[in-house]
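K.L.:
the sequence isn't on hand, but the structure is:
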C-alpha cells in the first residue's frame with residue numbers, strides 16, 4: 001500500500017508541475033507581450049512568487065477540493081490514481097496544443113469521472129459541484145469586467161500624461177501586478193493538488209482521524225508548480241500574450257491586477273477558480289477598452305471550446321482509467 005501511495009503522490013506532483021507549465025502563460029503572458037521582461041526573466045519572476053504564496057494565504061481551497069466535491073467514503077488510492085491519470089493526460093494534450101485550459105477543471109473532471117465510474121452519481125456532492133460550475137461562468141466575466149473598469153480608471157487618471165510617461169510608469173508597475181497575479185495563481189492552483197494528496201492520505205489512514213493538509217504537502221506542491229512555471233509552456237504563452245490582442249504595459253497592469261484581485265479573494269473564501277479563465281477574461285476586458293475589433297474573437301472562441309470540453313474530456317479519460325486500474329486489483 002505504501003508504495004502505491006508514494007507513486008500516486010509523485011503523480012500528483014507531476015500534475016502540479018504540468019499545471020505550472022500550462023499556467024506559466026497566465027502568469028507571464030502579459031509581461032512578456034509588453035516586453036517588460038524577457039520570457040525567461042518572466043518565468044523566474046512568476047515561479048518565485050508561486051512558491052512564496054505557500055506562506056501567505058492558508059489552505060481553504062485545498063479543504064474544498066478534499067472534502068467538497070465527492071463523498072470521502074468512496075475515495076480510495078486506485079480512484080485517486082485514475083483521477084490523476086485523466087487530469088494529467090488531458091492537461092498535457094492541451095498544453096502541447098497551445099490551449100490555455102483550466103487545469104483546475106481537468107482535476108475536477110478527473111475526480112468526477114473516477115468517482116462516478118466507481119460508485120455512481122450518488123458519490124458526487126452537488127452543492128460543491130454547483131459552486132464550481134457557477135464560477136466557470138463567473139470567473140472570466142469577473143476578470144473581464146474588472147479589467148475593463150480598471151483600464152477605464154487608469155486611462156482617465158493618465159489622460160493628461162504623454163504616452164511615453166505612461167509607458168514608463170506602467171513598465172515598472174507591471175512588475176508589481178505580475179508578482180501579485182503569480183501569488184494568486186500559486187495559492188489557488190497549488191492548493192488543488194494539496195487537496196488531492198490530503199484526500200489520498202486521509203483515505204488510506206495516513207492523516208489520522210482529522211482531515212488536514214500537512215506542511216510537507218504544502219511546500220512540495222508549491223515547489224512543483226513553481227518548477228513547472230519555470231519550465232514554461234511556450235506555446236500557451238504565445239497564445240495568451242501575443243495572439244488574443246495587442247497589449248501595452250498599461251494594459252498588462254490592468255489585466256494582471258484585475259485577475260489577481262479576483263483570484264486572491266476567491267482563495268481566501270475557499271473557492272477553487274480557474275486562473276486561466278480569469279486572466280483570459282481580464283485580457284479581453286482591457287483589450288476591449290481600445291476597440292472591440294482589437295480582440296481576435298475567433299481565437300477566443302476556440303479557447304472557450306477548450307474550456308467547455310475540459311471537465312467532460314478529463315472525466316471520460318479518468319473513468320476509462322478507473323476501469324483499467326480496477327483490473328489490476330491494487331490495494332486500497
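P.N.:
Thanks, I have it. Small disclaimer: the values here were computed from a predicted structure and weren't measured.
K.L.:
can you give me how far stretch 132-141 is from the chain middle?
P.N.:
Centroid separation between stretch 132-141 and its chain, computed with C-alpha atoms, centre = their mean, to the nearest Å, is 13 Å.
K.L.:
buried set for it?
P.N.:
132, 135, 136, 138, 139, 140 (16 or more other C-beta atoms under 10 Å). To be clear about C-beta, it is placed using only N, CA and C from the backbone, and glycine gets the same treatment.
K.L.:
residue 278: which of those residues is nearest?
P.N.:
residue 139 (4.8 Å; C-beta to C-beta).
K.L.:
contacting residues around that closest one?
P.N.:
Counting by C-beta atoms under 8 Å, 6 or more residues apart in numbering, residue 139 touches 262, 266, 273, 274, 277, 278, 281.
K.L.:
which two among those residues are spaced furthest apart?
P.N.:
Across these (C-beta to C-beta), the longest gap, 13.4 Å, separates 266 and 281.
K.L.:
ok, which stretches of the stretch 101-250 of the chain are helices?
P.N.:
Remark: helices assigned in the stretch 101-250 of the chain by DSSP state H, counting those that start in this stretch are 103-119, 126-157, 163-203, 215-231, 234-238, 249-269.
K.L.:
which one of those helices lies nearest to residue 36?
P.N.:
Per C-beta to C-beta, nearest to residue 36 of these: helix 163-203, 5.0 Å.
K.L.:
the helices of the stretch 101-250 of the chain: lowest mean pLDDT?
P.N.:
If you rank these by mean pLDDT, helix 234-238 sits at the bottom with a mean of 54.
K.L.:
circling back: what about the contacts of residue 139, which are in helices?
P.N.:
262, 266, 277, 278, 281 (DSSP state H).
K.L.:
of these, just say which sits nearest to residue 2.
P.N.:
For the ones in helices among the contacts of residue 139, the nearest to residue 2 is residue 266 (35.4 Å; C-beta to C-beta).
K.L.:
tell me how many other residues surround that closest one.
P.N.:
24 (other C-beta atoms under 10 Å).
K.L.:
the residue nearest to it when sequence neighbours are not counted and residue 112, how far apart?
P.N.:
Computed as C-beta to C-beta, 6 or more residues apart in numbering, the closest residue to residue 266 that is not its neighbour in sequence is residue 273, at 4.4 Å. Note on residue 273: its distance to residue 112, by C-beta to C-beta, to the nearest Å, is 17 Å.
K.L.:
quick one, which of those two is more surrounded?
P.N.:
residue 273 (29 against 26).
K.L.:
quick one, grab the pLDDT at the more buried one.
P.N.:
Confidence score, pLDDT, at residue 273: 77.
K.L.:
surely it touches residue 264?
P.N.:
No. Residue 273 sits out of contact with residue 264 when judged by C-beta atoms under 8 Å, with a separation of 10.2 Å.
K.L.:
list the residues that contact the residue nearest to residue 143 when sequence neighbours are not counted.
P.N.:
Residue nearest to residue 143 in three dimensions, not counting chain neighbours: residue 281, with 3.3 Å by C-beta to C-beta, 6+ apart. By C-beta under 8 Å, 6+ apart, the contact list for residue 281 reads 139, 140, 141, 142, 143, 144, 147, 259.
K.L.:
ok, now with 7 Å
P.N.:
With contact set as C-beta atoms under 7 Å, 6 or more residues apart in numbering, residue 281 has these partners: 139, 140, 141, 143, 144, 147.
K.L.:
now do residue 226
P.N.:
20, 47, 50, 51 are the contacts of residue 226 under C-beta under 7 Å, 6+ apart.
K.L.:
one more: residue 173?
P.N.:
Per C-beta under 7 Å, 6+ apart, neighbours of residue 173: residue 253.
K.L.:
could you do the one 10 residues further on as well?
P.N.:
Contacts of residue 183 were listed using C-beta under 7 Å, 6+ apart, and they are 49, 52, 53, 56.
K.L.:
which of these count as buried?
P.N.:
Here, 16+ other C-beta under 10 Å leaves 49, 52, 53 buried among the contacts of residue 183.
K.L.:
hmm, residue 4 is touching residue 330, no?
P.N.:
Yes. Applying C-beta atoms under 7 Å as the test, residue 4 and residue 330 come out as touching, 5.8 Å apart.
K.L.:
what's the overlap in contacts for the two?
P.N.:
Common neighbours of residue 4 and residue 330 (C-beta under 7 Å, 6+ apart) are residue 77.
K.L.:
ok, the nearest residue to residue 85 once chain neighbours are set aside - how many residues close by?
P.N.:
The shortest distance from residue 85 to any non-neighbouring residue, by C-beta to C-beta, 6+ apart, is to residue 321 (4.1 Å). The local packing of residue 321 (other C-beta under 10 Å) involves 25 other residues.
K.L.:
contact partners for residue 321?
P.N.:
With C-beta under 7 Å, 6+ apart, residue 321 has these contacts: 82, 85, 86.
K.L.:
before I go, just wanted to say thanks for your time.
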